[in-house]
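Engineer: Following is a predicted model, sequence given first.
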Amino acid sequence: MTRKKEKTVQENIRRKRVERIIHGIFLMLGLITVGCVLLITIYLVISGIPAMRTIGLKEFLFGQKWASTAAEPKFGILPFILTSIYGTAGAIVLGVPVGFFAAVYIAKIAKGKIKWLLQSAVGMLAGVPSVVYGLVGMMVLVPGIRKLFKVPDGASLLASIIVLAIMILPSIIKVSVTALESVPPEYEEASLAMGATPIETYFRVSVPSARSGIAAAVVLGVGRAIGEAMAVMMVAGNAPNMPTLFESVRFLTTAVASEMSYSSGLQRQALFSIALVLYFFIMLINAALNFFLKRGNVKQS
Amino acid sequence: MKTNQLPIRRRAYIATMKTIMWISALITCALIIGIIVYVFVKGIPFISWDLLSTSPTYIPHHIGILPDIMNTIYIVIASLVVMVPLGAGAAIYLEEYATNQKVVAVIEYAAETLSGIPSIIYGLVGMLFFCEFAGLRTSILAGALTLVIMNLPSIMRTTQESLKTVPQSYREGAFALGAGKWRVIRTVVLPGCVDGIITGCVLATGRILGESAALLFTAGFAHALNGFFQGLMSPGATLTVALYVYAKEQGEFGAAFAIAAILMVLTLGINSLAMWLENHFKKLREQGYPQEKSKE
């Protein structure tokens, strides 16, 4: 009898141990995302700092000339930073209005088949690989800009802005639609009962109460635009100029991508520093995004 | 109240807003239709059995994309194999084990951060960590592991969402019968979140097919035709990377458009599959969770 009891006690201890081990394994799996973020941050900081030190932070961030392979190399990334900022701003200026109005239409007005059609169109836009955007931009936009504006080469900031605006459209629309659809119907009903027409209600009641979600959509678009590399690489021309609308430009992302494969020494380290600057921008944008998402209580999808 | 009884200013406002919305919705539709039609018109004439079934050679000059197709398949398989246990495990931890809200918040914040990091940065860190530090060199495997980190948040989210729909009473029933936590997870929770894992896998496949910047420096540009295991350890271009190389560096636009058309068919197909699956699973859930479970 006692032996049997002892056995069950031992069995219980064994079971508990197994449970604890499995709990540990799942904990590790759970922490894996945290590990990845740390890994990325640490690698970027460690490999990005040395070049900034060697070149000098001020000269690196505010130097206007990038000539990494010249006999007397210059590593100023101000052109890239400004191009990234102008390019993103341009994409937002073009993309947000279209995305916003399309989102209101999808969320509030479109019904049945038309709504389904529009939502599938947005889903499909989101699924197009960025190289395909790049290819279409290269074959349609670049020659188009060259002919339309009579410039020597259409591969320019303008072409990148248009491509980026198209690429951020689906994220803006999706998040805005979610935000608009989660506006409590009572708000709208109250407005309608006061004699406002549906359209006035959507723009004066629904939109203001979904403003956090819409702000999150815009910030998400900013993040997408600033981080896009391949499509932009195919249409921007990649010359390290200070940004002007019709000249070939280089973004932070494309600066890394275009020289990485043949870089070495200080040039390679400088590329990592560029990535670190980009990462810094992305972290700022993420923080803003989280702020708006929390306030608007919308899930990013 | 009828619209035409309103003062002119309000009528003008409504009409303007309506028009702008119409135009915006139309632009969105026109963009995707335009891109699809353009890519197909330019690409389909170049798709031939010869293109799909051969390797490229320099002498004589010939383009074939079979190695790129195989590399894409390898990279999808390798990523999914690693990603599913990691992502599903993390989701199970968050939903079933975690009791400390702070830990949950940190993990979810990390996942959100991961989904905001641009792919070029993944490519760079993947190159530093997997190719150089871990000694994998430029290889399909290094590319696949990089993609695993990229896609973890999305598979975590889909699994978590389906875990939330497993009724709490099932877990309690199993516990009441004397099952341990692990047994409950194995027999009750895991079968309940298979749909989330499948949806996550389909979504991840779509993203992997379209990914290029993260693979440029991790998986490389080679066009050699290899078997699966040899392929994993050697560099290879996926379809997207091949498209980039043909279009940007070699000026082979015919081949580039052919690949683009194939990619469009694949990604559109996979994305619609993902949407269909999501709706389908949702319906199954709503119709009868209990009957579905009682079969097991």
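Structural biologist: Perfect, thanks for sending it. Numbering: from 1, shown residues only, chains lettered A, B, ... in the order given.
Engineer: Which residue lies closest in space to residue 163, excluding its sequence neighbours?
Structural biologist: All of this is about chain A. residue A:137 (4.4 Å; C-beta to C-beta, 6 or more residues apart in numbering or on different chains). Heads up, the C-betas are built off the backbone N, CA and C, glycines and all.
Engineer: oops, I was thinking of chain B
Structural biologist: Residue B:163's closest residue in space is residue B:95 (C-beta to C-beta, 6+ apart), at 4.2 Å.
Engineer: so who does that neighbour touch?
Structural biologist: B:160, B:163, B:164 (C-beta atoms under 8 Å, 6 or more residues apart in numbering or on different chains).
Engineer: What of residue B:110?
Structural biologist: Taking C-beta under 8 Å, 6+ apart, one finds A:33, A:34, A:36, A:37 in contact with residue B:110.
Engineer: and those residues near chain B, which?
Structural biologist: A:33, A:34, A:36, A:37 (C-beta under 8 Å from any C-beta of the partner chain).
Engineer: on that earlier part again, the residue nearest to residue A:163 touches residue A:164, doesn't it?
Structural biologist: No: Residue A:137 is not in contact with residue A:164 according to C-beta atoms under 8 Å; the separation is 9.7 Å.
Engineer: Contact partners for the residue of chain A found nearest chain B?
Structural biologist: Per C-beta to the nearest C-beta, residue A:227 is where chain A lies closest to chain B, at 2.5 Å. Neighbouring residues of residue A:227 by C-beta under 8 Å, 6+ apart: A:253, A:278, A:282, B:117, B:118, B:119, B:120, B:121.
Engineer: Sort out which one of these lies nearest residue A:3 for me.
Structural biologist: residue B:117 (59.1 Å; C-beta to C-beta).
Engineer: so what's the nearest residue in space to the closest one that is not next to it in sequence up against?
Structural biologist: Computed as C-beta to C-beta, 6+ apart, the closest residue to residue B:117 that is not its neighbour in sequence is residue A:282, at 6.1 Å. Taking C-beta under 8 Å, 6+ apart, we find residue A:282 in contact with A:223, A:226, A:227, B:116, B:117, B:118, B:121.
Engineer: burial of the last one, as a residue count?
Structural biologist: When counting by other C-beta atoms under 10 Å in any protein chain shown, one arrives at 24 neighbours for residue B:121.
Engineer: right, and the secondary structure at it would be what?
Structural biologist: helix (DSSP: H, G, I helix; E, B strand; the rest coil).
Engineer: what about it, distance to residue B:77?
Structural biologist: 25 Å (C-beta to C-beta, to the nearest Å).
Engineer: Could you do the fourth one as well?
Structural biologist: To residue B:77, residue B:116 is 27 Å away according to C-beta to C-beta.
Engineer: Of those two, which one has the most company?
Structural biologist: The residue with more neighbours, out of residue B:116 and residue B:77, is residue B:116; 21 against 15, by other C-beta under 10 Å.
Engineer: my read: that one touches residue A:226, true?
Structural biologist: No: with contact defined as C-beta under 8 Å, residue B:116 does not reach residue A:226; the gap is 10.4 Å.
Engineer: Next one, pLDDT for residue 133 please.
Structural biologist: If you meant another chain, say so; for now it's chain A. Residue A:133 carries a pLDDT value of 96.
Engineer: right idea, wrong chain: chain B
Structural biologist: In this model, residue B:133 is scored at 91, pLDDT.
Engineer: Look up phi and psi at it.
Structural biologist: phi -70, psi -50 (degrees, to the nearest 10).
Engineer: is it true that residue B:204 touches residue B:83?
Structural biologist: Yes: if you go by C-beta under 8 Å, residue B:204 and residue B:83 touch, sitting 6.3 Å apart.
Engineer: residues in contact with the closest residue to chain A within the stretch 101-250 of chain B?
Structural biologist: Nearest to chain A in the stretch 101-250 of chain B, going by C-beta to the nearest C-beta, is residue B:118, at a distance of 2.5 Å. Residues near residue B:118 by C-beta under 8 Å, 6+ apart: A:223, A:226, A:227, A:228, A:229, A:253, A:278, A:282, B:213.
Engineer: hmm, back to that, find residues that contact each of residue B:204 and residue B:83.
Structural biologist: Joint contacts of residue B:204 and residue B:83 (C-beta under 8 Å, 6+ apart) are B:151, B:155.
Engineer: what bits of the stretch 101-250 of chain B have low per-residue confidence?
Structural biologist: The stretch 101-250 of chain B contains no residues with pLDDT under 70.
Engineer: which residues in it form helices?
Structural biologist: Along the stretch 101-250 of chain B, counting by DSSP state H, counting those that start in this stretch, helices occupy B:101-116, B:119-126, B:140-164, B:168-176, B:181-184, B:190-192, B:194-210, B:213-216, B:228-233, B:239-244.
Engineer: Of those helices, which is nearest residue A:26?
Structural biologist: Across the helices of the stretch 101-250 of chain B, residue A:26 has its closest neighbour in helix B:181-184 (9.3 Å, C-beta to C-beta).
Engineer: Packing partners of the closest one?
Structural biologist: Using 3 or more C-beta pairs under 8 Å, 6 or more residues apart in numbering or on different chains; DSSP states H and E, the elements in contact with helix B:181-184 are helix A:2-30, helix B:168-176.
Engineer: Columns distance to residue B:244 and mean neighbour count on top of those helices, output as TSV?
Structural biologist: Output for these, formatted as TSV (distance: least, C-beta to C-beta, whole Å; neighbours: other C-beta atoms under 10 Å in any protein chain shown):
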stretch	distance to residue B:244	mean neighbour count
helix A:2-30	34	12
helix B:168-176	48	13
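Engineer: what number of residues lie near residue 212?
Structural biologist: No chain was given, so I picked chain A. Residues within reach of residue A:212, counting by other C-beta under 10 Å, total 17.
Engineer: looking at chain B here, not the other one
Structural biologist: As a burial measure, residue B:212 scores 30 neighbours (other C-beta under 10 Å).
Engineer: hang on, residue A:239 is in a strand, isn't it?
Structural biologist: No: counting by three-state DSSP, residue A:239 is not found in a strand; it is coil.
Engineer: check contacts around residue B:27.
Structural biologist: A:98, A:102.
Engineer: before we move on, what about the one 5 residues further on?
Structural biologist: Neighbouring residues of residue B:32 by C-beta under 8 Å, 6+ apart: A:121, A:124, A:125, A:128.
Engineer: at 10 Å what do you get?
Structural biologist: Listed by C-beta atoms under 10 Å, 6 or more residues apart in numbering or on different chains, the contact partners of residue B:32 are A:120-128, A:166, A:169-170, B:268.
Engineer: Which one (most neighbours) among the residues you listed?
Structural biologist: residue A:169 (28 neighbours).
Engineer: Go ahead and confirm that one touches residue A:101.
Structural biologist: No: Residue A:169 is beyond contact range of residue A:101, at 11.4 Å (criterion: C-beta atoms under 10 Å).
Engineer: Overlap of the contact sets of the two?
Structural biologist: B:24, B:27, B:28.
Engineer: My read is that residue A:292 contacts residue A:222, right?
Structural biologist: No: Residue A:292 is not in contact with residue A:222 according to C-beta under 10 Å; the separation is 11.3 Å.
Engineer: Tell me the buried residues in the helix or strand containing residue B:12?
Structural biologist: Per DSSP states H and E, residue B:12 falls inside helix B:8-43. By 16 or more other C-beta atoms under 10 Å in any protein chain shown, the buried positions in helix B:8-43 come out as B:13-14, B:17, B:20-21, B:24-25, B:27-29, B:31-32, B:35-36, B:38-40, B:42-43.
Engineer: and residue A:177, what does it touch?
Structural biologist: A:99, A:102-108, A:115, A:118-119, A:122, A:210, A:213-214, A:217, A:298, A:301.
Engineer: Quick check on the residues you listed: which are buried?
Structural biologist: Applying 16+ other C-beta under 10 Å to the contacts of residue A:177 flags A:99, A:102-108, A:118-119, A:122, A:210, A:213-214, A:217, A:298 as buried.
Engineer: for chain B, what's the longest helix?
Structural biologist: helix B:253-294 (DSSP state H).
Engineer: can that helix be found next to chain A?
Structural biologist: Yes: judged by C-beta under 10 Å from any C-beta of the partner chain, helix B:253-294 comes into contact with chain A through B:253, B:256-257, B:259-261, B:263-264, B:266-272, B:274-275.
Engineer: If anything else comes up later, I'll come back, but that's it for now.
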